[in-house]
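Student: from the sequence below, what's the structure:
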Amino acid sequence: MSSREAATAYAASSPRLSRSMSAGTSSTVSRKEPLHTLSRHSDTTTRSASWCHETRSARSSPRASKKIEPVIGNGRARAMLHSPRLVKTRTSMLGSMPELPEVEALALDLKGRLLDRAITRIDLAAFSALKTFDPPLHALHGTLVEDVTRHGKFLDITASGTHLIMHLARAGWVRWRDEVPPLPARPNSKNPLAARIVIDDEAGLDVTEAGTKKSLAIYVVRVPQDVPGIARLGPDPLDDAFTIEVLGAILQSEGRKQIKGVLRHQGTIAGIGNAYSDEILHAARMSPYKPASSIEDGDLETLFNAVKDTIGDAVERSRGLHASELKSEKRTNLAVHGRTGQTCPVCGDVVREVSFADSSLQYCATCQTGGKPLADRRMSKLLK
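Tutor: Sure thing, here's the model as predicted:
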């Protein structure tokens, strides 16, 4: 059976694809479900950091006749400016959002710490983070932890049949404490603490979110599908059901959409974000702009293997690491993402970047685009 025939058969049998082809990838949420959605938790979350150079007004400066260098916003031209400070700061931000491999390893680490332990209390320090009210947060007090799992990028702590689910967004993370402070956590806008989970021996878990843009989300639900973002998730790359035929069907259903966007859309494939989509396409030697429906036969097999290998290898590298080690492990092993201006580990060419209003991608022109740099309209405007 060809890829296109498999696509047709799969689309006809898949309610998700049938809905996505007729009405996009969104699904209807009943009135009883939380009204909040996780659209803002996608990898297209607006970047909060910016860098700029202040200059005097040309009208008031006695040196207005001197040549003034163009102002470069958001650190987009750091490779051209050769600024070590901008390169270091910018690179440290990229790849920071927890994706499937980090959340998978985090779930395994927490499972070893929390399984069969009782939750004494949960302190909420950021009220905006809690997205549900029934069941209430205090319903988890005194419950026994039965499992810690993952749904895409969502972390799920199951305690006595109730699910405490978290989406860590771009700047969220967790910190294990062998001993928590005796006093309950209090709301504080200057404190990154969002919530604290205390277990029966006074150890616990701090859920934190850095920065001023607060996107971390906490849900208390009876079943995971009550969280709209989980209900809309596409197939998981680690599942045995994610086959080359399934990937081919998905790509055909997405038409002329660029493969970079298809890979990172959570309703299409769960768990892949901005960083690992760059890594997958680099491993597949494929342009991020390639139309999804044009990927067939040999290219489809190459992409499928790149998805499985890239995500699988990242999970294996992260396995057994503690939460405090996972982010540094991710940054250390990225080949192109967050490495603009550095050397491609495969061919030795310079890693390039394309900037958008709310995100950026990194790629190697030699490996992925036949040596031709991709157009970056924002950069072109800045350098005119």
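Student: and for Val346, the neighbour number?
Tutor: Residues lying near Val346 (other Cβ atoms under 10 Å) number 15. Heads up, the C-betas are built off the backbone N, CA and C, glycines and all.
Student: distance of it from Thr332?
Tutor: For Val346, the distance to Thr332 equals 17 Å [Cβ to Cβ, to the nearest Å].
Student: same check on Lys111?
Tutor: Using Cβ to Cβ, we find Lys111 at a distance of 24 Å from Thr332.
Student: which of these two has more neighbours?
Tutor: More crowded of Lys111 and Thr332, by other Cβ under 10 Å: Lys111, with 15 against 8.
Student: test my guess that the more buried one contacts Asp147.
Tutor: Yes: with contact defined as Cβ atoms under 8 Å, Lys111 reaches Asp147; the gap is 6.9 Å.
Student: the helices in the stretch 151-300 of the chain, which residues?
Tutor: Ranges of helices in the stretch 151-300 of the chain, per DSSP state H, counting those that start in this stretch, are 228-231, 244-253, 259-264, 274-283, 297-318.
Student: tell me which residues of the first one are tucked away?
Tutor: Along helix 228-231, these residues count as buried under the neighbour rule (16 or more other Cβ atoms under 10 Å): 228-231.
Student: now the second one
Tutor: Using 16+ other Cβ under 10 Å as the burial criterion, the residues of helix 244-253 that qualify are 244-253.
Student: in contact with the residue most central in space within the chain, which residues?
Tutor: Computing the C-alpha centroid of the chain and ranking residues by Cα atoms, centre = their mean puts Gly273 first, at 4.0 Å. Applying Cβ atoms under 8 Å, 6 or more residues apart in numbering, we find Gly273 in contact with 43, 97, 99-100, 153, 264.
Student: what's the closest of those residues to Ser215?
Tutor: When those are compared for distance to Ser215 (Cβ to Cβ), Met97 wins out at 10.0 Å.
Student: give me the nearest residue to the closest one, chain neighbours excluded.
Tutor: Arg170 (4.7 Å; Cβ to Cβ, 6 or more residues apart in numbering).
Student: same thing with Ala270?
Tutor: In space, Ala270 comes closest to Gly152 once its chain neighbours are excluded; the distance is 3.6 Å by Cβ to Cβ, 6+ apart.
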